[in-house]
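Colleague: The following block contains a protein sequence and its predicted model.
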Amino acid sequence: MTPKSDLSLVQIGKIGRTIGLDGGLKFISNTDFPQSIQKGLHLTLKLFSKFSSSTHCHIIKSFNPKNSVIFFEDVDDITQAKLLTNAIAYVSIEDTKRMCELSKDEFFWFELIDYDIIENGEILGKVTDIERIGTTDYLIVSTSEELICKKLAKKFLIPYIEVFIIETSRENRNIFVKGAKSILEAS
């Protein structure tokens, strides 16, 4: 199986230590949708070392959410499993959308990338990434050129919480905010 490109992948966790002799591995999840980790899911595992990196694709044979032990179809013993420890686990965006149901006002973080941030009709910038700090998701915003020319910061963070977010529009790819310009000016 050919690994997908980085742009089409979403990180969902990390592979931990081996469990038992039959190829079991501890799975450390960092997804908001743990129910999506199930038999048949294709994972892309990326291993990084000091001198190189490698990418492997594996299909989940079984996953026990109670003890977070995962087995892959092509990993049958502890020797094979040890080669995967410390790998970062990714799933495709297509699989994520297919397996995770969102409520009316919920979004996948990757959907919000490149949305314009607008306050009182003024475009403050574009979302370039999202980072979770503690339990809060922060929009990483690249400031508009017009505001950079006014000596404001090139990037700033906006907490994705009700206090700052008025509305998110999928149709227009906009996030309407309040109080974000004050954050930018203080950055």
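Modeller: Arrived safely. Residues are numbered from 1 along each chain as shown.
Colleague: residues near residue 62, how many?
Modeller: Residue 62: 13 surrounding residues under other Cβ atoms under 10 Å. C-beta here means a position set from N, CA and C on the backbone, and glycine is covered the same way.
Colleague: again but with residue 59, I slipped
Modeller: 13.
Colleague: Can you give me the distance of it to residue 141?
Modeller: Here the criterion is Cβ to Cβ, to the nearest Å. By it, residue 59 lies 38 Å from residue 141.
Colleague: Can you list the low-confidence ranges for this structure?
Modeller: Within the chain, the stretches falling below the threshold (pLDDT under 70) are 1-7.
Colleague: mind running it again at 80?
Modeller: 1-7, 32-33, 99-101, 104-106 (pLDDT under 80).
Colleague: quick one, domains of it?
Modeller: 6-99, 109-186 (automatic domain parsing).
Colleague: ok, and for stretch 31-51, which residues are buried?
Modeller: Judged by neighbour count using 16 or more other Cβ atoms under 10 Å, the buried positions of stretch 31-51 are 31, 33, 36-37, 41, 43-47.
Colleague: what helix or strand does residue 163 sit in?
Modeller: Residue 163 belongs to no helix or strand when assigned by DSSP states H and E.
Colleague: Next up, the contacts around the residue lying closest to it once chain neighbours are set aside.
Modeller: Excluding its sequence neighbours, the residue lying closest to residue 163 (Cβ to Cβ, 6 or more residues apart in numbering) is residue 179, at 6.9 Å. Each residue near residue 179 by Cβ atoms under 8 Å, 6 or more residues apart in numbering is listed here: 119, 163-164.
Colleague: one more time with 10 Å
Modeller: Residues near residue 179 by Cβ atoms under 10 Å, 6 or more residues apart in numbering: 119, 158-159, 163-166.
Colleague: Residue 68 now?
Modeller: Here residue 68 is in contact with 13, 16, 19, 25-29, 34, 37 (criterion: Cβ under 10 Å, 6+ apart).
Colleague: try 8 Å this time
Modeller: 26-29.
Colleague: same thing with residue 34?
Modeller: residue 65 are the contacts of residue 34 under Cβ under 8 Å, 6+ apart.
Colleague: and residue 154, how many residues sit next to it?
Modeller: With other Cβ under 10 Å as criterion, residue 154 counts 12.
Colleague: thought it was touching residue 142?
Modeller: Yes: assessed by Cβ atoms under 8 Å, residue 154 is found in contact with residue 142 at 7.0 Å.
Colleague: about what we covered before: as TSV, the contacts of residue 179 with neighbour count would be great.
Modeller: Output for those, formatted as TSV (neighbours: other Cβ atoms under 10 Å):
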residue	neighbour count
119	19
158	23
159	16
163	8
164	18
165	19
166	13
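Colleague: Switch these over to a markdown table; also include distance to residue 75 and secondary structure.
Modeller: As requested, the contacts of residue 179 are arranged in a markdown table below (distance: Cβ to Cβ, whole Å; DSSP: H, G, I helix; E, B strand; the rest coil):
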| residue | distance to residue 75 | secondary structure |
| --- | --- | --- |
| 119 | 50 | strand |
| 158 | 42 | strand |
| 159 | 40 | strand |
| 163 | 46 | coil |
| 164 | 44 | coil |
| 165 | 42 | strand |
| 166 | 48 | strand |
